[in-house]
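Trainee: What would the 3D arrangement of this be:
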Amino acid sequence: PRFSAKDASLVVQLPGREEPLIDVDGINFSLHLERGPVDDTLVFDPMTVFDHAKVDRQITQSLLQIAEPDLVYSPNIEGVVSLRLETLRVPLSLTGDDWLDELQVEGVVSIHEAYSVNRPLIQEAIVALLSDLYRKPLHKEVQVAKDAEVPFRLIKGRLSFEGLRFGYPKIDERLQIIAEGTVGLDESLDIRFQVPRLNERKEQERGPVQCHLTGTLLEPALSAKDASLVLQLPGRSEPLIDVDGIDINSRVKRTGDRTYLSFAPILLLDRHTITRSLAKSLLRLVDPEMQYSPELEGQVSASIDALEIPLDRTDNSWINDLTVRGTITLHNASSLATTPVRRTLVKLVSDLYGKEPSEIVRVAHDDDIRFELSGGRFRFQGLEIGFPDISPALLASASGSVGLDETLDMRLEIPRLDPTKMKERGPVVCE
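Mentor: Residues are numbered from 1 along each chain as shown. Coordinates of the predicted model:
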């Protein structure tokens, strides 16, 4: 038998889901009954479900989330979309997983234009990373797609899609991400997408950054290979972290009313030559004076044990909830004593040892310096400062904190010349 309907409603409800996969009204469709050895099946003819329809909550809760699953949790979506079903086969009497295994849905979502005015959770994490990478402020608006056709199909409980492009015009008009993958009916994710590199030469040599989105819609995890990581702090021209060619593994986590992007441990640098840029950024955490030296020598290694970046950055107060903890190792690092703080320190040590002031300060030699950001201050310990022109064996130990406003609260311990006095009274303490 065949059946047709005009100006009708069509609802396809999936087991275990509150919202139907398809829920539309005012459409025309036709179907026939196909007899089978196990179950009979309703076979629908190809149909246009909606054509250039204005996006509303009902649409985003149904098939539009195939093309962009995160939209289901976005509080404000705007745009125009079309949906055409090429295949819809609905088993009649099977139940549960058997019914899902036999259900077939294939079609195309045409996104003529769609914007997420307030970023949903997955986009919140991606935009936070891209904004710092492109040195741009965070914006709420994300262009989900424009003039894009996204083929999809339902396979054994997973909705698959390909060819989705979405952009970030407020960051860079040329920035387009291409995504494909699957979304489980349990909201699990397996989506791969490509992010173009900023540097055209690197883009040609290495291709776009390959990213993988897993986890669930509410607890997504994001990994990337051979990627860049930039962390820009408010009020600073130089980013705190700016590295390239690293692997990243992160996940979205919630603590209280804050949402964070939490990273697995990262090796940032491995015996990297100390540059002016590094002295102004990462090394400023443990030695803020180094950035002002006209000459720099040595190498640096750095690793991050914990990095949690707040995603809801409505104002600069997010810096108080930023967590950064790790280790910096300086290898044969030295600089010139040109700043007032360095000159004062060298004069103090020179007078103590009865020597002429030294121009060279050896910052450290293969020392592990632990650091942590808390309360807007970078706290560190384990830094050793040497004065080779005064005494090769002279090493002063430093610990304390450096504020984001470059205020200092440091403790310096200088060994005494007399071994007996050193044993009885300990080092000279300067603060």
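
Trainee: Low-confidence regions, the stretch 101-250 of the chain specifically.
Mentor: 114-124, 131, 134-146 (pLDDT under 70).

Trainee: sec struct for the residue nearest in space to the middle of the chain, please.
Mentor: Centroid check for the chain by C-alpha atoms, centre = their mean gives residue 129 as the closest residue, at 4.4 Å. Taking DSSP: H, G, I helix; E, B strand; the rest coil as the rule, one finds residue 129 in the helix state.

Trainee: Same check on residue 37?
Mentor: Strictly by three-state DSSP, residue 37 counts as coil.

Trainee: That one and residue 396: what is the separation?
Mentor: 85 Å (C-beta to C-beta, to the nearest Å). For the C-beta atoms, the positions are set from N, CA and C on the backbone; glycine is no exception.

Trainee: Compare those two and say which is more crowded by neighbours.
Mentor: residue 396 (20 against 4; other C-beta atoms under 10 Å).

Trainee: In contact with that one, which residues?
Mentor: Shown in contact with residue 396 (C-beta atoms under 8 Å, 6 or more residues apart in numbering): 349, 384, 385, 386, 387, 412, 413, 414, 415, 427.

Trainee: For the last one, report the pLDDT, please.
Mentor: Predicted confidence (pLDDT) at residue 427: the value is 80.

Trainee: before we move on, back to that, quickly name whichever of the contacts of residue 396 is closest to residue 20.
Mentor: Distance to residue 20, by C-beta to C-beta, is smallest for residue 384 among those, at 66.1 Å.

Trainee: isn't there a strand covering the closest one?
Mentor: Yes - according to three-state DSSP, residue 384 belongs to a strand.

Trainee: if I look at it, how far off is residue 371?
Mentor: From residue 384 to residue 371 the distance is 15 Å (C-beta to C-beta).

Trainee: neighbour count winner among these two?
Mentor: Under the criterion of other C-beta under 10 Å, the comparison of residue 384 against residue 371 puts residue 371 first, with 23 against 17.

Trainee: And the closest residue to that one other than its chain neighbours, how far from residue 332?
Mentor: Of all residues not flanking residue 371 in the chain, residue 380 sits nearest, at 4.3 Å (C-beta to C-beta, 6 or more residues apart in numbering). Noted for residue 380: a distance of 19 Å to residue 332, by C-beta to C-beta.

Trainee: partners of the helix or strand hosting residue 110, with directions?
Mentor: Here residue 110, judged by DSSP states H and E, is contained in strand 104-116. Partner strands and pairing direction for strand 104-116 (DSSP bridges) are strand 77-91 (antiparallel), strand 142-155 (antiparallel).

Trainee: would you turn those into CSV with mean neighbour count and distance to residue 26?
Mentor: Shown next, in CSV, are the strands paired with strand 104-116 (neighbours: other C-beta atoms under 10 Å; distance: least, C-beta to C-beta, whole Å):
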stretch, mean neighbour count, distance to residue 26
strand 77-91, 18, 13
strand 142-155, 19, 22
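
Trainee: want to throw those into CSV with distance to residue 22?
Mentor: Below are the strands paired with strand 104-116 laid out as CSV (distance: least, C-beta to C-beta, whole Å):
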stretch, distance to residue 22
strand 77-91, 8
strand 142-155, 11
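
Trainee: which strands and helices sit next to the helix or strand containing residue 249?
Mentor: Under the criterion of DSSP H and E, residue 249 resides in strand 241-255. Applying 3 or more C-beta pairs under 8 Å, 6 or more residues apart in numbering; DSSP states H and E, one finds that strand 241-255 contacts helix 121-133, strand 220-231, strand 258-263, strand 266-273.

Trainee: buried stuff in it?
Mentor: 241, 242, 243, 246, 248, 250, 251, 252 (16 or more other C-beta atoms under 10 Å).

Trainee: Residue 32: which of these is nearest?
Mentor: Checking the buried residues of strand 241-255 one by one against residue 32 (C-beta to C-beta), the nearest turns out to be residue 252, at 45.9 Å.

Trainee: isn't that closest one right next to residue 309, touching?
Mentor: No - when contacts are counted by C-beta atoms under 8 Å, residue 252 is not listed as touching residue 309 (10.4 Å).

Trainee: where do the contact lists of these two overlap?
Mentor: In contact with both residue 252 and residue 309: 260, 261, using C-beta under 8 Å, 6+ apart.

Trainee: quick one: which of the buried residues of strand 241-255 is nearest residue 27?
Mentor: Of those, the one sitting nearest to residue 27 (C-beta to C-beta) turns out to be residue 252, at 37.2 Å.

Trainee: does that closest one have beta-bridge partners, and which?
Mentor: Under the criterion used (DSSP bridges), residue 252 bridges to residue 261.

Trainee: so who does residue 126 touch?
Mentor: 177, 222.
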